[in-house]
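> sequence below, structure please.
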Amino acid sequence: MGALLLAAGAGQRMGGPKPALPLGGVPLVVRAYQSLGEAGLPTIVVTGAHAAAVRTCLPDVPHVHALAHEEGLSASLRAGLLAVPAGWRAVLVALADMPAIAPATHAAVACALAAGALVARPVHAGRPGHPVGFGRALFPSLAALRGDRGARALLARLPVVEVPVDDAGIHLDLDTPQDLTAAEARLSTGGPR
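Alright, predicted model coming up:
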């Protein structure tokens, strides 16, 4: 089992290479990658619009480039799935613009998959969040997705194991400069990493 860290978006609302932007002095993609690593998950980073910036942030980790990244999240997911080693029975799909997820959350979702869940995701305060984990049996369905909505439609028709976590970071998605500024303020006052 391992993780795909999707870092292929153009970051238009952020105005530039979002994965490389710093939060507390550490690039978003590095924070997300480190959390997955602390959870013991080997990770493949999927690059796209800002591949050079992402590779500069994480030069010594496995990368795969989503050639069709302009098509949206599903293209990044397809590229990542093609790179998944044969031995991985499941994969967590994590997003580079969600850098505040605790390693324990990643580990808890991975444990649910290891225990046999076909799909698992964390839930905090009654709301589901990220990352979402998928068993290998779903890889063909994931690869067939199109557009920028990811697996939302697929999740709606599957039995999802919801993993309760005490981690507000599963909802912290940084899409705009205002989001980043607010996250910096939370970080400086001891909020989610």
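
> which residues does residue 26 form beta bridges with?
Note on residue 26: beta-bridge partners residue 23, judged by DSSP bridges.

> kindly state the pLDDT recorded for it?
Here, the pLDDT recorded for residue 26 equals 93.

> now swap in residue 191 and tell me
Note on residue 191: pLDDT of 55.

> try residue 73
At residue 73, pLDDT is 78.

> I'd say it and residue 4 touch.
No. Contact between residue 73 and residue 4 fails when scored by CB atoms under 8 Å: they sit 11.2 Å apart. Just so you know, the C-beta spots here come from the backbone N, C-alpha and C atoms, and that holds for glycine as well.

> who's more crowded, those two?
residue 4 (27 against 22; other CB atoms under 10 Å).

> contacting residues around that one?
Residue 4 sits next to 43-44, 46, 77, 80-81, 84, 91-94 when contact means CB atoms under 8 Å, 6 or more residues apart in numbering.

> which stretches of the protein form strands?
2-7, 22-23, 26-27, 43-47, 63-65, 90-95, 119-124, 127-128, 132-135, 161-164 (DSSP state E).

> hey, which of the ones you listed is tucked in deepest?
Ranked by mean neighbour count, the strands of the chain are led by strand 2-7 with a mean of 29 (mean count of other CB atoms under 10 Å).

> that strand to strand 90-95, inter-axis angle?
Using axes from the mean of the first three to the mean of the last three CA atoms, to 10 degrees, the direction of strand 2-7 lies 20 degrees away from that of strand 90-95.

> strands paired with strand 2-7, and their directions?
Strand 2-7 is paired, per DSSP bridges, with strand 43-47 (parallel), strand 90-95 (parallel).

> how close does residue 1 get to residue 53?
28 Å (CB to CB, to the nearest Å).

> picking up where we left off before, in CSV, list the strands paired with strand 2-7 along with mean pLDDT.
CSV is the format used below for those (pLDDT from 0 to 100):
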stretch, mean pLDDT
strand 43-47, 96
strand 90-95, 96
